[in-house]
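>>> Sharing a model that was predicted from the sequence below.
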Amino acid sequence: MYQSRRNFIKSGLALAGASLASHQLFSFAKGEGQLGIQLYTVREAMGKDVLGSLKKISSMGYKNVEHANYKERKFYGFAPAEFKKILADMGMKMPSGHTVLAKNHWDDSKKDFTDAWKYTVDDAAIAGQHYVVSPWLDESIYQTEDSLLHFMDVFNKSGELCAKSGMKFGYHNHHFEFAKKVNGKILYDLILDNTDPKLVVQQLDTGNLFNAGVKAIDIVKKFPGRFEMMHVKDEVASSKPGEEEKYESAVLGKGIAQVKEVIDLGKKAGTKQFIVEQEAYQGKDPFDCAKEDFDVMKKWGY
């Protein structure tokens, strides 16, 4: 049954050497393996058969994956070094991954991160990641402008922590960041205005914001050069009328998100990583959708 990424993340809330990692990040920034897939696209299959699912993804031509499952210091049940080897044996890498940076990961009394977040960063480096991306903000964080700005400082500090292992910290949007205002200011504007671009990468999801009545093309123009990463996602009218979200993702090029225009503009402005993610399938098999998405991206020159 279809479950939105937003609800999935909400329900889930309840060290490689720095020089080597820096070299890997520099190589990636130059353009190596810019196209990838968020494994949430095939989440049900990954939950049943990790190795078989990864083999299917590899056979399609994908060389990079982004995880959405890090629990108890394991990726999909595998230790970081082991998961890295599994991917390498299939000709793939994991440049980025999604793990929520939550309020309880920062200890105000010590002015430091908890061990849980430090382990998250360490394990990401061991697994070969270049980016540690947080895909959610708990509502309590943006109840007031002061509380939000305090946590944006934590974001910047996470960027400093990731940099010690040659990585970057990033944030991935949904739609609430564009629908919510804090002290009369759009939440997403506050996030970008109060995070250091050198420390906090923005991973723009080209589809999610449609549910806030916003177009990605306008955001890319509003914040030129701020999106080092993109989630490449198209949108169509929701197949579940009456639900909160009026739009759902679809095969690239089939919807209304102007995806090619967005990613082309992003690329010109410095976007380095383009990650396919599809969460709804309109009756198709998720793997078939993933392959169609790959073929479209290749046709578009990615």
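Thanks, I have the structure now. Numbering: from 1, shown residues only.

>>> Spatially, what comes nearest to residue 221 if we skip its sequence neighbours?
Spatial nearest neighbour of residue 221, excluding adjacent residues (Cβ to Cβ, 6 or more residues apart in numbering): residue 265 at 7.3 Å. Yep, even glycine has a C-beta here, placed from its N, CA and C like the rest.

>>> got the contact list for the one you found?
By Cβ atoms under 8 Å, 6 or more residues apart in numbering, the contact list for residue 265 reads 217, 220, 221.

>>> Need those residues in CSV (columns: pLDDT, distance to residue 136 and secondary structure).
Formatted as CSV, the contacts of residue 265 follow (pLDDT from 0 to 100; distance: Cβ to Cβ, whole Å; DSSP: H, G, I helix; E, B strand; the rest coil):
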residue, pLDDT, distance to residue 136, secondary structure
217, 98, 24, helix
220, 98, 22, helix
221, 98, 26, helix
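
>>> Could you look up the SS state of the residue of the chain positioned farthest from its centre?
Going by Cα atoms, centre = their mean, the residue of the chain most distant from its centre is residue 109, 29.9 Å out. Judged by DSSP: H, G, I helix; E, B strand; the rest coil, the three-state class of residue 109 is coil.

>>> Next one: residue 69 from residue 261, what distance?
Residue 69 sits 32 Å away from residue 261, going by Cβ to Cβ, to the nearest Å.

>>> pull the helix or strand with minimum mean pLDDT from the protein.
helix 18-29 (a mean of 42; mean pLDDT, DSSP states H and E).

>>> Quick check: residue 191 vs residue 133, distance?
Using Cβ to Cβ, residue 191 is found at 14 Å from residue 133.

>>> same check, this time on residue 155
Residue 155 is 11 Å from residue 133, by Cβ to Cβ.

>>> Find the residues that touch each one of these two.
Joint contacts of residue 155 and residue 133 (Cβ under 8 Å, 6+ apart) are 169, 171.

>>> picking up where we left off before, so between residue 191 and residue 133, which is more surrounded?
Using other Cβ atoms under 10 Å, the more surrounded residue of residue 191 and residue 133 is residue 133, with 28 against 21.

>>> Does the more buried one touch residue 100 like I think?
No - using Cβ atoms under 8 Å, residue 133 is not in contact with residue 100, being 9.6 Å away.

>>> out of all of them, which helix in the chain is the longest?
helix 145-163 (DSSP state H).

>>> Given the very next helix or strand once past it, what are its sheet partners and their directions?
Next helix or strand after helix 145-163 toward the C-terminus (DSSP states H and E): strand 168-172. Using DSSP bridges, the strands paired with strand 168-172 in its sheet are strand 131-134 (parallel), strand 200-205 (parallel).

>>> which element is residue 57 on?
Per DSSP H and E, residue 57 falls inside helix 50-60.

>>> The contacts of residue 265, buried ones only, as a PyMOL selection?
A single PyMOL command is used to select the members of those judged buried by 16 or more other Cβ atoms under 10 Å:
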select buried, resi 217+220
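
>>> for the contacts of residue 265, which one is nearest residue 292?
Closest to residue 292 out of the contacts of residue 265 is residue 217 (22.4 Å), distances taken as Cβ to Cβ.
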